[in-house]
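Asker: Show me the folded form of this:
(chains A and B)
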There are 2 protein chains.
Amino acid sequence: MVRLVILGSGNVAFHLAKAFQSQQQVSVEAIWVRRPEKHPDFQNYTYRVVESIKELPQADIYLIAVSDSAIATVANQLPVSEAMVVHTSGATALNILDKHRNRGVFYPVQSFSSKGVLKYTDIPVLLETNLASNRENLQILAEALSGKYRWADSEERLQYHLAATIVNNFSNHFYHLAERHLAAKGLDFNQLKPLIAETARKIEHLAPGDAQTGPAKRKDEITINKHLEALEDEHLKTLYKQITLSILNSDEKL
Amino acid sequence: MVRLVILGSGNVAFHLAKAFQSQQQVSVEAIWVRRPEKHPDFQNYTYRVVESIKELPQADIYLIAVSDSAIATVANQLPVSEAMVVHTSGATALNILDKHRNRGVFYPVQSFSSKGVLKYTDIPVLLETNLASNRENLQILAEALSGKYRWADSEERLQYHLAATIVNNFSNHFYHLAERHLAAKGLDFNQLKPLIAETARKIEHLAPGDAQTGPAKRKDEITINKHLEALEDEHLKTLYKQITLSILNSDEKL
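Answerer: As a prediction, this is how the structure comes out:
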């Protein structure tokens, strides 16, 4: 059994606390929440909520789930001990925890933006640690979340985080641009939702290169020109041209 | 009961034929397939497959589900009659069917790229016709597919098609770019699949602007610079900068 303390009050902390709640192999000893009165959601757990880092109980792992810019501050406030100190950031190297002898990373490749329902067993976790002797405890944590983990060093994790930004934030931005474009014409973005769902679903069994369709893929200049004429917003028109060109050039590049 | 003839052998024709198979209100009298020997999938239907347009049976609606560039040719080969001639294209105006007195458009807002399973009841259909008296038959067709239809003129339909291209083809292109980036580093695109699914799922209950997360959204220059340093491919780096800038400027624009 791994004794765990979670540090943080954001969505990652919230969801990990929830995911570990029903797990036999992980015992959440406390959650550090800097201003508990601002995070009433955490009162729904049976866990002890602690406001001061100095008052945290003993644990095997201190899991820092705070914003990237706050990791160093929180890590440096934690007393030096034999316990493993772990952060959850995709874009932050392991060595930010250098003050601690046993350190690790537990990066769930998922977007925790909402406090809605997430299927935890689907979430891949990227793990890293400085010592082989720490591996077992990190694995127990990953098994308790989803069972889907792999080892990745800080450089590999950054590449995954970059790719995650591209598929998640960039795609969502295009949803946003499409919604704004339709709204400007008094048209209804809801009409696109089944298509968005299908686009994501398709790559579960098809390589994205094979799933590519549309006017750029089939070099259909007539439709591309119709779209460019229909586009009044200069910014969206520029992006449309650039992505279309990128798709047009994709096949040659492979 | 609407008597229907489907013209075409692509994915749209295939899926519509399949969707109407079990419907009481629509009777598929025949499917026109130019080279039936090349499309054995159509033999699985109980429908009559006809190779020559001249031999098509009588029907209430002739539904042209061919590529945009072939619509005019097929429409002009169809004999003039009282039957309604309908195309399924998002980017093609109704008036391409001007030869026919009763004409319409039946545009399902979905990607039919694979012959896999699609949930037809989820597919919104945009309808258009030149005469009010044609509406009922088009509605029966839409009811038989999904029941989710709305009326849109050719200009509105083009705007939907453009927006569909943005959310579907552009998002998929970013999946492709991310996959290629990871592959170049020997890393595994599968790790991103649950994130891609969640990104699409989230906008079912959240406006895309509210669902936006990531370094650009929170103006996190440190992470953006780490990503830019991690990017070796100049093309992807340029796109990364442009989309990041577009997200950074998004809030001001609203």
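Asker: what about A:Ser27, helix or strand, and which?
Answerer: According to DSSP states H and E, A:Ser27 maps onto strand A:26-32.
Asker: Quick one: residues in contact with that strand.
Answerer: A:1-9, A:13, A:17, A:20-21, A:42, A:45, A:47-53, A:56-59, A:140-141, A:144 (Cβ atoms under 8 Å, 6 or more residues apart in numbering or on different chains). (Each C-beta comes from the backbone N, C-alpha and C, glycine too.)
Asker: can you confirm A:Leu63 is in a helix?
Answerer: No: with DSSP: H, G, I helix; E, B strand; the rest coil as the criterion, A:Leu63 is assigned strand and is not in a helix.
Asker: if I look at it, how far off is chain B?
Answerer: Using Cβ to the nearest Cβ, to the nearest Å, A:Leu63 is found at 20 Å from chain B.
Asker: Which pLDDT value belongs to that residue?
Answerer: For A:Leu63, the pLDDT comes out at 98.
Asker: Hmm, it is touching A:Leu7, no?
Answerer: Yes: when contacts are counted by Cβ atoms under 8 Å, A:Leu63 is listed as touching A:Leu7 (6.6 Å).
Asker: ok so, going back, I'd like the distance from the strand holding A:Ser27 to the chain centre, please.
Answerer: 22 Å (Cα atoms, centre = their mean, to the nearest Å).
Asker: in a strand, that's where A:Gln242 is, yeah?
Answerer: No: per three-state DSSP, A:Gln242 lies outside any strand segment and is helix.
Asker: burial count for it?
Answerer: When neighbours are counted by other Cβ atoms under 10 Å in any protein chain shown, A:Gln242 registers 14.
Asker: right, and it touches B:Gln242 too?
Answerer: Yes: under the criterion of Cβ under 8 Å, A:Gln242 makes contact with B:Gln242 at 6.4 Å.
Asker: Need the residues touching each of these two.
Answerer: Joint contacts of A:Gln242 and B:Gln242 (Cβ under 8 Å, 6+ apart) do not exist.
Asker: Tell me the neighbouring strands of the next helix or strand after the strand holding A:Ser27, and mark each as parallel or antiparallel.
Answerer: Later in the chain than strand A:26-32, the nearest helix or strand by DSSP H and E is strand A:49-50. Here strand A:49-50 is paired, per DSSP bridges, with strand A:26-32 (parallel).
Asker: Helix or strand: which one has A:Arg180?
Answerer: Using DSSP H and E, A:Arg180 falls in helix A:171-184.
Asker: what number of residues lie near the residue nearest to A:Ala211 when sequence neighbours are not counted?
Answerer: Once flanking residues are discounted, A:Ala211 sits nearest to A:Lys202: 4.7 Å by Cβ to Cβ, 6 or more residues apart in numbering or on different chains. For A:Lys202, the neighbour count with other Cβ under 10 Å is 20.
Asker: Isn't A:Lys202 up against B:Gln110?
Answerer: No: contact criterion Cβ under 8 Å: A:Lys202 and B:Gln110 do not qualify, at 11.0 Å.
Asker: what is in contact with these two at once?
Answerer: Common neighbours of A:Lys202 and B:Gln110 (Cβ under 8 Å, 6+ apart) do not exist.
Asker: Now the strand holding A:Ser27 - C-alpha only, PDB.
Answerer: Below are the C-alpha coordinates for strand A:26-32, written out as PDB (Å, rounded to 0.1, in the frame of the first residue of the first chain):
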ATOM      1  CA  VAL A  26      -3.200   3.700  -2.600                       C
ATOM      2  CA  SER A  27      -4.100   5.400   0.600                       C
ATOM      3  CA  VAL A  28      -4.500   9.200   0.300                       C
ATOM      4  CA  GLU A  29      -3.300  10.500   3.700                       C
ATOM      5  CA  ALA A  30      -4.100  14.200   3.000                       C
ATOM      6  CA  ILE A  31      -4.600  16.800   0.300                       C
ATOM      7  CA  TRP A  32      -2.800  20.100   0.600                       C
END
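Asker: Centre of the chain to stretch A:53-67, how far?
Answerer: 21 Å.
Asker: Next, the buried residues of it.
Answerer: For stretch A:53-67, the neighbour count (16 or more other Cβ atoms under 10 Å in any protein chain shown) marks A:Leu56, A:Ala59, A:Asp60, A:Ile61, A:Tyr62, A:Leu63, A:Ile64, A:Ala65, A:Val66 as buried.
Asker: Greatest separation within those residues: which pair is it?
Answerer: Spatial extent of the buried residues of stretch A:53-67 (Cβ to Cβ) is set by the pair A:Asp60 and A:Val66 at 19.6 Å.
Asker: Does A:Ile140 touch A:Phe20 like I think?
Answerer: No: contact criterion Cβ under 8 Å: A:Ile140 and A:Phe20 do not qualify, at 10.6 Å.
Asker: Between these two, tell me which one has more neighbours.
Answerer: Using other Cβ under 10 Å as the criterion, A:Ile140 and A:Phe20 rank with A:Phe20 on top: 22 against 17.
Asker: ok, and the closest non-adjacent residue to the more buried one?
Answerer: A:Val26 (4.6 Å).
Asker: Next, count neighbours for that neighbour.
Answerer: 22.
Asker: Retrieve the pLDDT associated with it.
Answerer: Confidence score, pLDDT, at A:Val26: 97.
Asker: can you pull up the bridge partners for it?
Answerer: Here A:Val26 sits in beta bridges with A:Val2, as judged by DSSP bridges.
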